[in-house]
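A.B. asks: Provide a 3D model corresponding to the input given below.
(one chain, ligands or ions: 1)
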Amino acid sequence: MAIVFITGSTDGLGRAAAQSLLDQGHRVVLHARSVDRAAALGELTSRGAGMVVGDLRSAAETKSIADQVNAIGRMDAIIHNAGVYTQRSRGSTPEGHASTLAINTLAPYMLTALIERPRRLIYLSSGLHRGGEGSLDDLDWNSRAWDSAKAYAESKLHVVALAFALARRWPNVLSNAVDPGWVRTKMGGASAPVDLDTGQRTQTWLAVSEDSAALVSGRYWHHLRQEEPADEATDPGFQEELIAKLGKLTGVELPRV
Ligand SMILES: NC(=O)c1ccc[n+]([C@@H]2O[C@H](COP(=O)([O-])OP(=O)(O)OC[C@H]3O[C@@H](n4cnc5c(N)ncnc54)[C@H](OP(=O)(O)O)[C@@H]3O)[C@@H](O)[C@H]2O)c1
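C.D. replies: Numbering: from 1, shown residues only. Reported below is the predicted structural model:
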């Protein structure tokens, strides 16, 4: 049985993934943005193998999340699930970053670099990542007029590129990205066509399955099938430029090997 850390497990797909893995007998380390939000975990808290608390908008709290996970021990898999959709404005995090960038891109990057390396990494992307091209010139939305949908698309392109870069850099880790489809959650809304159980299935399968089909790296998945992501995501030049910029913005270096 595996131990899996899931970011954003208080609601939606993260919570559904936690429930599914616990029901299969795996151990799950849960995550909530605050002690208040941790209360939403209810009975999952006692079933979990631990809980970590921290707001991913904040670099300091994100570093603390990494410390809390490392104190629990080495994870077999991490599902980088937490995310926000269209934010009304750029916002400004405690470090001055755009909120969407901080939560959807900088946090999974930092956690990847700072948490003891697991055997498997899964990043929640979206089919909308295909609209994220050309984001590296103004990654943090300092010079462009705010466009919430474009910011989301860019952040979801970043995590596919990160997943693919890690598949190249870290050959002993299985690193994949998942488009869960348009799912009925707080983010997806009530009219989304995909139910929660279907939406969580691919990422939990990638996290724990010993099926040879799941033991691959550097792939983009949708409902248990591989798809081709946007060209930029698979371009090592784009991946390395992205990682260099994320390193500068966060002050956290991603080990090359
Ligand atoms: N739903 C869809 O149709 C869809 C489609 C494509 C991709 N995705 C991706 O799937 C992932 C999960 O989406 P979802 O639909 O399950 O969203 P959701 O229902 O809104 O849940 C998001 C989770 O992330 C947490 N979170 C958000 N901001 C946070 C922060 N600053 N610090 C800590 N935790 C934070 C939330 O915590 P709270 O409970 O405290 O808010 C919640 O647990 C996201 O990465 C999303 O981009 C979703």
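
A.B. asks: these two touch, right, Thr10 and Thr45?
C.D. replies: No. Here Thr10 does not reach Thr45: they are 10.4 Å apart, not a contact under C-beta atoms under 8 Å. Quick note: C-beta positions are derived from backbone N, CA and C, even for glycine.

A.B. asks: Could you tell me which residues touch both of the two?
C.D. replies: Residues touching both Thr10 and Thr45 by C-beta atoms under 8 Å, 6 or more residues apart in numbering: 30, 38.

A.B. asks: quick one: which of those two has more around it?
C.D. replies: More crowded of Thr10 and Thr45, by other C-beta atoms under 10 Å: Thr10, with 22 against 14.

A.B. asks: Is Ala177 in contact with Gly127, as I believe?
C.D. replies: No. Ala177 is beyond contact range of Gly127, at 11.2 Å (criterion: C-beta under 8 Å).

A.B. asks: out of these two, which sits in the busier spot?
C.D. replies: Ala177 (31 against 17).

A.B. asks: Could you export the host helix or strand of the more buried one as CSV, CA atoms only?
C.D. replies: Using DSSP states H and E, Ala177 maps to strand 174-179. Backbone C-alpha positions of strand 174-179 (Å, rounded to 0.1, in the frame of the first residue of the first chain) are rendered in CSV as follows:
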residue,chain,number,x,y,z
LEU,A,174,7.4,8.8,-12.9
SER,A,175,6.1,12.3,-13.7
ASN,A,176,2.9,12.8,-15.5
ALA,A,177,0.2,15.5,-16.1
VAL,A,178,-3.6,15.0,-16.1
ASP,A,179,-6.5,16.8,-17.7
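
A.B. asks: tell me the mean pLDDT for it?
C.D. replies: Mean pLDDT, strand 174-179: 98.

A.B. asks: just stretch 109-125 next, same as before
C.D. replies: Mean predicted confidence for stretch 109-125 is 98.

A.B. asks: With stretch 3-12 instead?
C.D. replies: 98.

A.B. asks: Then stretch 39-50?
C.D. replies: For stretch 39-50, mean pLDDT rounds to 96.

A.B. asks: Show residues contacting it.
C.D. replies: So stretch 39-50 is contacted by 3, 9-11, 15, 18-19, 22, 27-30, 32, 38, 51, 72 (C-beta under 8 Å, 6+ apart).

A.B. asks: Of the residues you listed, which ones also sit close to the ligand?
C.D. replies: Restricting the contacts of stretch 39-50 to those near the ligand by C-beta under 6 Å from any ligand atom leaves 10-11.

A.B. asks: which one of the contacts of stretch 39-50 has the most neighbours?
C.D. replies: Ser9 (31 neighbours).

A.B. asks: Would you confirm that that one contacts Val53?
C.D. replies: No. Using C-beta under 8 Å, Ser9 makes no contact with Val53, being 11.4 Å away.

A.B. asks: what touches both of the two?
C.D. replies: With C-beta under 8 Å, 6+ apart as the test, Ser9 and Val53 both reach 31-32.

A.B. asks: Show me what the strand or helix carrying Leu121 pairs with in its sheet, parallel or antiparallel.
C.D. replies: Assigned by DSSP H and E, Leu121 belongs to strand 120-124. If you go by DSSP bridges, strand 120-124 pairs up with strand 77-80 (parallel), strand 174-179 (parallel).

A.B. asks: The chain: helices as residue ranges?
C.D. replies: Using DSSP state H, the helices of the chain run over 12-23, 35-38, 44-47, 59-72, 99-101, 107-114, 148-169, 196-208, 231-234, 236-250.

A.B. asks: Can I get these in CSV including distance to Leu139?
C.D. replies: Formatted as CSV, the helices of the chain follow (distance: least, C-beta to C-beta, whole Å):
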stretch, distance to Leu139
helix 12-23, 25
helix 35-38, 28
helix 44-47, 35
helix 59-72, 15
helix 99-101, 7
helix 107-114, 11
helix 148-169, 8
helix 196-208, 25
helix 231-234, 13
helix 236-250, 5
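
A.B. asks: Quick check: of the contacts of stretch 39-50, which lies closest to Thr198?
C.D. replies: Using C-beta to C-beta, Gln19 comes nearest to Thr198 of these, at 13.8 Å.
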